[in-house]
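Trainee: Provide a 3D model corresponding to the input given below.
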Amino acid sequence: MAKWIEVPSKDIRKWVSELIDSGKYKLLSTISAYQEAENIFIVYHFMITEGVINVRTVVPLAEPRLPSITPVLPAAILYEREIQDILGVSFGEIIDGRRLILPEQWPQGVYPLRKDFQTPKEEQYK
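Mentor: Predicted coordinates for the structure are as follows:
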């Protein structure tokens, strides 16, 4: 059975740490993210002993910052780097902030999954 809960963005690392410490945590399946209006929603999908738990948090589009969960769950690094690349969410204390998906020449401040994204002209990222 899948459960959904909302966690304030400032508490996400603490919540993940408590989940791991509870002994119920089995696997971080993925982290997904999407934009709605002026917010970016980040959803952590965990396998737990009782089934699945989806933990959602939100950050404002104007200041898309979120604590990294990699200090307590290092496996989250690839998901956080992906979300950083494609939606521009900055994860504090991320272990490795290099680009993961986009080429290094990709223009700064251009995020392909944001609603205001416009395909850059080819010469912009050569």
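
Trainee: and the lowest-mean-pLDDT helix or strand in the chain, which strands flank it?
Mentor: Of the helices and strands making up the chain, the lowest-confidence element is strand 90-92, at a mean of 91, by mean pLDDT, DSSP states H and E. Using DSSP bridges, the strands paired with strand 90-92 in its sheet are strand 65-67 (parallel).

Trainee: what residues does the strand it pairs with touch?
Mentor: For strand 65-67, contacts defined as C-beta atoms under 8 Å, 6 or more residues apart in numbering pick out 9-10, 12-13, 42, 57, 59, 89-93. Placement of C-beta: from N, CA and C, glycine included.

Trainee: Please indicate which of these are buried?
Mentor: When the contacts of strand 65-67 are checked for burial by 16 or more other C-beta atoms under 10 Å, the buried set is 9, 12-13, 42, 57, 59, 89, 91.

Trainee: Turn those residues into CSV, including distance to Gln108.
Mentor: Formatted as CSV, those follow (distance: C-beta to C-beta, whole Å):
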residue, distance to Gln108
Ser9, 23
Ile12, 26
Arg13, 27
Ile42, 21
Thr57, 25
Val59, 19
Val89, 15
Phe91, 17
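
Trainee: Downstream of the longest strand along the chain, the next helix or strand is which one?
Mentor: With DSSP state E setting the assignment, residue counts place strand 25-36 as the longest strand in the chain. Downstream of strand 25-36, the first helix or strand assigned by DSSP states H and E is strand 39-48.

Trainee: In terms of secondary structure, what does that next one contact?
Mentor: Contacts of strand 39-48 with other secondary structure elements, assessed using 3 or more C-beta pairs under 8 Å, 6 or more residues apart in numbering; DSSP states H and E, are made with helix 12-22, strand 25-36, strand 51-60.
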